[in-house]
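Asker: Attaching a predicted model along with its sequence, questions to come.
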Amino acid sequence: MPENKWDEFYKTADASLAAVLGELETHRDFILELTRQHPKTAIEVGCGPARISSFLSLFGISITAIDRDSGVLARAARIAAELHSGVKFVEADAFSLPFPDSSFDVAFHQGLLEHFTDDQIRKLIAEQLRVARSVVFSVPNHHYPEREFGDERLLSRKQWRRILKPFKTTRSTNYCRPVCKLLGRITWRKPPIMYLARIER
């Protein structure tokens with residue numbers, strides 16, 4: 001998707017309770033995995049509205065959020081201010097992060113890597129592992145019902161494991177909203193629509 005379209009996509013993003021709780025509910029498994037090792041410092045790469053970063057910062061995690069789109073960053077900063085969070089925002093290229101080696105405990109992102117080729121994904125992860133001890137990410141998988149931008153690669157867990165083969169992947173699983181799990185148990189429908197991975201150095 002052209003860069004200027006991201007700002008357009010996030011123009012309605014807000015800090016309302018409904019928006020925050022909706023994101024937290026949807027990505028509960030992702031957030032729990034992200035915080036499982038009790039990081040003190042974190043970097044969100046390609047932050048979008050940065051609601052997850054803003055939420056986590058309220059619990060004492062020092063978070064830096066980066067995006068290459070200044071409009072997206074400005075909107076994320078306004079949301080963070082409304083939530084009284086302490087996220088630091090930096091305009092930066094994810095392929096060349098402006099931070100020294102081992103600056104963070106964890107790098108994370110939700111809904112980023114599906115927009116890149118296999119080689120680009122590996123380069124992005126390698127750069128994140130340079131600045132952080134581990135990487136935790138989630139992306140829509142092959143069960144996701146739509147392509148919001150049109151360029152998403154909706155891949156299965158098996159396909160992601162192939163892409164991540166050069167790395168030390170310690171968690172590789174699918175997940176979905178809690179209500180989706182309940183419906184799945186009742187109706188055998190609504191399969192998990194997100195893929196989650198943790199990668200360590």
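Answerer: Structure received.

Asker: Number of residues surrounding H109?
Answerer: Taking other C-beta atoms under 10 Å as the neighbour definition, H109 ends up with a count of 24. (C-beta placed from N, C-alpha, C; glycine too.)

Asker: quick one: secondary structure of it?
Answerer: Remark: H109 carries the secondary structure label strand [criterion: DSSP: H, G, I helix; E, B strand; the rest coil].

Asker: how about the residue lying closest to it once chain neighbours are set aside, what does it touch?
Answerer: Nearest non-adjacent residue to H109, counting by C-beta to C-beta, 6 or more residues apart in numbering: V45, 4.6 Å away. Residues in contact with V45, defined by C-beta atoms under 8 Å, 6 or more residues apart in numbering, are I66, A94, L97, A107, F108, H109, L112, L124, Q128.

Asker: now swap in K168 and tell me
Answerer: If a contact means C-beta under 8 Å, 6+ apart, then K168 has I199, E200, R201 as its contacts.

Asker: How about the contacts made by V131?
Answerer: Under the criterion of C-beta under 8 Å, 6+ apart, the neighbours of V131 are I43, L97, F99, P100, D101, S102, S103, F104, A107.

Asker: try 6 Å this time
Answerer: V131 makes contact with L97, F99, S103, F104, according to C-beta atoms under 6 Å, 6 or more residues apart in numbering.

Asker: Fine, thanks again, bye for now.
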